[in-house]
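Trainee: Got a predicted structure plus its sequence, pasted below:
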Amino acid sequence: MDKLTTVSRNNLIALKYGEKKELQEFKPWQRDILLFDTYIAGTSFIEDMAELEPNIKLGDRLNFFREPDNKHDANAIIIKTTENRKIGYVPQEDNIVFSRLMDAGKLLFGIVKSKELKGKWVKIYIDIYLHE
């Protein structure tokens with residue numbers, strides 16, 4: 001049976017199971033919080049979407065970047081793949097709270113939930129997470 005002990009390192013207290021000698025670094029209370037589900041806007045305006053689409057898989061992480069100088073929307077949030085390829089935006093009707101969170105220094109990201117091909121148009125549904 002494993003033995004449960006507490007270990008203190010770098011001013012953090014962790015629980016340690018068994019006799020493992022190494023202790024993995026962690027941040028207490030670190031978690032990803034599901035905030036919202038939506039779709040990616042503007043995919044039809046991405047010129048190379050036809051070549052990008054087959055590489056976008058369910059469960060893929062997507063990175064969010066603020067674009068406050070966007071001439072159409074001051075709350076714009078660009079969505080990019082982990083390879084730094086732009087695939088669209090958080091929809092304007094959904095982005096005001098998320099842009100405020102990002103402007104306050106919070107890390108938001110998306111996870112691909114599903115996708116549909118509608119002719120040449122790709123509709124990608126995502127979950128938006130806050131990394132806390």
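Mentor: Structure's in. What do you need?
Trainee: For the rest of this, base every contact and every neighbour count on C-alpha atoms.
Mentor: OK.
Trainee: residues touching residue 53, list them.
Mentor: residue 122 (C-alpha atoms under 8 Å, 6 or more residues apart in numbering).
Trainee: try the one 5 residues further on
Mentor: Residues near residue 58 by C-alpha under 8 Å, 6+ apart: 111-115.
Trainee: Try it again at 10 Å.
Mentor: 111-115, 124-126 (C-alpha atoms under 10 Å, 6 or more residues apart in numbering).
Trainee: Give me the PyMOL select line for these, limited to the buried ones.
Mentor: Under the burial definition 16 or more other C-alpha atoms under 10 Å, those of the contacts of residue 58 that qualify are selected in PyMOL by:
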select buried, resi 111+112+113+115+124+125+126
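Trainee: where does this structure have low pLDDT?
Mentor: 1-29 (pLDDT under 70).
Trainee: Just say helix, strand or coil for residue 93.
Mentor: helix (DSSP: H, G, I helix; E, B strand; the rest coil).
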